[in-house]
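Novice: Structure, please.
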Amino acid sequence: MSASNSASRWVKRLLLFSALAGGTAALGAIAPRFMTGNQKVKHLTHKVSRGDLSVVVTENGAVESSNNKEIKCMVKGGSTVLWVIETGTLVKPGEELVKLDQSQIEDKILQQKIVYENAVANTITAESDVAVAQTSITEYIEGTYQAEKSKIEKEIFEAEQALRKAELAVQSALRLTAKGVVKNLQLEGEQFAVDSARKDLELKKTKLESLEKYNKVKSLQELQSKLRASEAKLASYQASLSLEKARLEREKKQLENCVIRAETEGMVIFPSMAAWKDTPDITEGAVVREQQTLLMIPDFTQMQVKVGIHESKVDRLKVGMKAKVQLQELILEGEVSEIAEVTRPAGWWTGNLVKYDTIIKLPQHPGLKPGMSAVVDIVLADHKDVLTVPVAAIIEGSGGLFCWVQTPEGARKRVVRVGDTNDQYSIILDGLSESDEVVLNPLAYIDEAQELAMEVQQNDSKDPSSNSDPSKPKSP
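Specialist: Numbering: from 1, shown residues only. Just a heads-up that it's a prediction; the model follows:
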């Protein structure tokens, strides 16, 4: 089934149910104005005429601001409200809005200060250890090592002197031995002294070489290892100190968050006066969670009304459509600025009605406040100079839509083709002429109309895809 056929069938259902359920009410409203002057007519009639027809959707809503400064609880883990400003109060920047319990935060700050001071002490000790390790390296290179080296060099110098003396003694003994003054045994003793002095010199030189190649390197490696270990420990303590300091600052910030002040000028309201209807108003002693919106400061220069539009009519809405907004005695002209793509959740609490949130932007006007009740009329279509009849005059039958026209011979059935409707009047596209008199509420007077209505009901009961809700178009 095409979309046009679905829409047509929806219009037919709407006409049928309007005639069944609302015929009497419509009749009471319309008949006094359109009673024919012919006293012989048995039925209440309406003379078909041309005129203007507006199709309007009417919904109730509440005024809210499109730009709200939210006042949230920023205390980690939440807190308890000690004091809150009265809703509707005008505030300036810096004024107190909410006071939250800070006793637990003060205890946390005291505990964190102890941890922080311990971290400071550990860092100071580690810095001292690094400085000592650095000094030890300098001390070894410029002090201990140089002293050991100088001592060995002195020993080498003394060993060289002793070797030179021993060699001179040997040379003197050789000359005396040649003259027969010194015996060979004494010469051998002098030679032994030279060998001993030479060995001692070699030992001193080996000691110096070992100091340069091994002892110095090993000592420096040990000292540098201690320095690196001290530096690593210092880095660890510094990181720990930064962490504990950040934690302390966060706790202090939490303490500041216990007193919430206004950042902008305006009127303070509860969230329940804006979009969140189920949000309870905060009171003294209430427990609030982190990131919970406690208060709001709306921007009164950007006010709007949010209404829910039924799914059967939302497709006809367009951004930019004009809307009449009635606020008690005040009437403003608004404009459709936003239409939701996703429907609201429907359930028994909403009567299973499927609606789409639609935003009506309001012009700036003094006295607008969030929470004000509003009745919104949105003009979906405005038809000029069209042929119209009351919906109470149209009946759906198995062959289409029908009206009964009053003639001198009595009421005669006519097949009609209808266009747009506003639930009270429908546009006649074909089947009637201007000045025709149609019978109002034919179900109450004409047997043929009752038979047609019964046929439709029987067909609907056999068709499981039929929709009993006249406000919803039939599924194709």
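
Novice: and whichever strand or helix holds Ala62, which strands flank it?
Specialist: Using DSSP states H and E, Ala62 maps to strand 49-65. Strand 49-65 has the following strand partners under DSSP bridges: strand 303-310 (antiparallel), strand 373-390 (antiparallel).

Novice: So which of those strands has the densest surroundings on average?
Specialist: Most buried of the strands paired with strand 49-65, by mean neighbour count (mean count of other Cβ atoms under 10 Å): strand 303-310, with a mean of 22. C-beta: built from backbone N, CA, C; applies to glycine.

Novice: Run through who's touching that strand.
Specialist: Applying Cβ atoms under 8 Å, 6 or more residues apart in numbering, the contact partners of strand 303-310 are 57, 59-66, 275, 317, 325, 334, 337, 339, 344, 353-362, 364-365, 368, 370, 374, 376, 378, 471.

Novice: ChimeraX command for the buried members of those residues?
Specialist: To isolate in ChimeraX the members of those that are buried, counting by 16 or more other Cβ atoms under 10 Å, one can use:
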select :57,59,61,62,63,64,65,66,317,325,334,337,339,354,355,356,357,358,359,360,361,362,368,370,374,376,378
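
Novice: Dump the strands paired with strand 49-65 to a markdown table, plus distance to Ala246 and mean pLDDT.
Specialist: Shown next, in a markdown table, are the strands paired with strand 49-65 (distance: least, Cβ to Cβ, whole Å; pLDDT from 0 to 100):
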| stretch | distance to Ala246 | mean pLDDT |
| --- | --- | --- |
| strand 303-310 | 42 | 92 |
| strand 373-390 | 49 | 94 |
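
Novice: need those in TSV with distance to Val181, can you?
Specialist: Supplementary listing: the strands paired with strand 49-65 in TSV, determined by distance: least, Cβ to Cβ, whole Å:
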stretch	distance to Val181
strand 303-310	134
strand 373-390	142
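
Novice: Out of the ones you listed, which is closest to Tyr140?
Specialist: When those are compared by Cβ to Cβ, strand 303-310 sits nearest Tyr140, at 79.8 Å.

Novice: Alpha carbons of whatever helix or strand comes next after the closest one, as CSV, please.
Specialist: On the C-terminal side of strand 303-310, the nearest following helix or strand under DSSP H and E is helix 311-314. Extracted C-alpha coordinates of helix 311-314, given in CSV (Å, rounded to 0.1, in the frame of the first residue of the first chain):
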residue,chain,number,x,y,z
GLU,A,311,4.0,10.8,15.8
SER,A,312,1.1,11.2,13.4
LYS,A,313,1.8,14.9,13.0
VAL,A,314,5.5,15.3,13.5
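
Novice: So which residues make contact with the helix or strand following helix 311-314?
Specialist: Using DSSP H and E, the helix or strand that follows helix 311-314 in sequence is strand 322-327. Residues outside strand 322-327 that contact it (Cβ under 8 Å, 6+ apart): 63, 305, 331-336, 360, 362, 368, 372-379.

Novice: And strand 322-327, what's buried?
Specialist: 323-325, 327.

Novice: Any chance of TSV for those, columns distance to Val120 and pLDDT?
Specialist: Converted to TSV, these look like this (distance: Cβ to Cβ, whole Å; pLDDT from 0 to 100):
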residue	distance to Val120	pLDDT
Ala323	65	94
Lys324	69	95
Val325	64	96
Leu327	63	93
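
Novice: next structured bit after the helix or strand harbouring Arg414?
Specialist: Taking DSSP H and E as the criterion, Arg414 maps to strand 410-421. Next helix or strand after strand 410-421 toward the C-terminus (DSSP H and E): strand 425-430.

Novice: for the record, mean pLDDT for stretch 256-271?
Specialist: For stretch 256-271, mean pLDDT is 91.

Novice: Quick one: closest of the strands paired with strand 49-65 to Glu231.
Specialist: Using Cβ to Cβ, the nearest of those to Glu231 is strand 303-310, at 62.6 Å.

Novice: Between strand 322-327 and the closest one, find me the angle.
Specialist: 110 degrees (axes from the mean of the first three to the mean of the last three Cα atoms, to 10 degrees).

Novice: so how far is strand 303-310 from its chain's centroid?
Specialist: 22 Å (Cα atoms, centre = their mean, to the nearest Å).

Novice: Same check on stretch 120-129?
Specialist: Using Cα atoms, centre = their mean, the offset of stretch 120-129 from its chain centre is 44 Å.

Novice: List the buried residues for that stretch?
Specialist: Neighbour-count burial for stretch 120-129 [16+ other Cβ under 10 Å]: 122-123, 126-127, 129.

Novice: what residues go with each domain of this structure?
Specialist: 3-66+301-462, 68-101+258-298, 105-255 (automatic domain parsing).

Novice: Least confident of these, on average?
Specialist: Of all these, domain 3-66+301-462 has the smallest average pLDDT, which comes to a mean of 81.

Novice: now, which of the buried residues of stretch 120-129 lie within helices?
Specialist: 122-123, 126-127, 129 (DSSP state H).
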